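[1] When you get a sec, could you give me coordinates for this:
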Amino acid sequence: MNDVLLRLYIAVQTLAVSEDGQDMVEYALVTALLAFGWVAGVKSVATALNTAFQGLSTNLGSYVS
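    Next comes the predicted model:
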């Protein structure tokens, strides 16, 4: 009986120390953080481009008419 408990204890300790799945979780979190930053950055760039093109359109419109 003690042999079985010792083997079970060793198996549980091995699982507790194992870091096999930890890398995938870290990569997923980094990827999610980068995607969030990219979406926020693209939104601000799109707003700035829209403002620039509206100003350009206004200036060109005043020269044409």
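[2] contacts and neighbour counts: CA atoms only from here.
    Noted.
[3] In this structure, mark out all the helices, start to finish.
    For the chain, helices defined by DSSP state H occupy the ranges 2-17, 22-64.
[4] which residues touch the shortest one?
    Taking CA atoms under 8 Å, 6 or more residues apart in numbering as the criterion, no residue outside helix 2-17 touches it.
[5] picking up where we left off before, output the helices of the chain in JSON lines; the columns should cover mean neighbour count and mean pLDDT.
    Compiled in JSON lines, these are given as follows (neighbours: other CA atoms under 10 Å; pLDDT from 0 to 100):
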{"stretch": "helix 2-17", "mean neighbour count": "10", "mean pLDDT": "80"}
{"stretch": "helix 22-64", "mean neighbour count": "11", "mean pLDDT": "88"}
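[6] Distance of residue 44 relative to residue 58?
    Distance of residue 44 to residue 58, computed by CA to CA, to the nearest Å: 21 Å.
[7] again, but for residue 37
    For residue 37 relative to residue 58 (CA to CA), the value is 32 Å.
[8] ditto for residue 34
    Counting by CA to CA, the gap from residue 34 to residue 58 is 36 Å.
[9] And residue 35, by the same measure?
    Going from residue 35 to residue 58 by CA to CA gives 34 Å.
[10] same check, this time on residue 45
    Distance from residue 45 to residue 58, counting by CA to CA: 20 Å.
[11] repeat for residue 14
    From residue 14 over to residue 58 (counting by CA to CA), the distance is 69 Å.
[12] Give me the most central residue, the protein.
    When CA atoms, centre = their mean is applied to the chain, the residue found nearest the centroid is residue 32 (1.8 Å).
[13] mind listing what it touches?
    Residue 32 touches nothing, counting by CA under 8 Å, 6+ apart.
[14] I appreciate the help and will end here.
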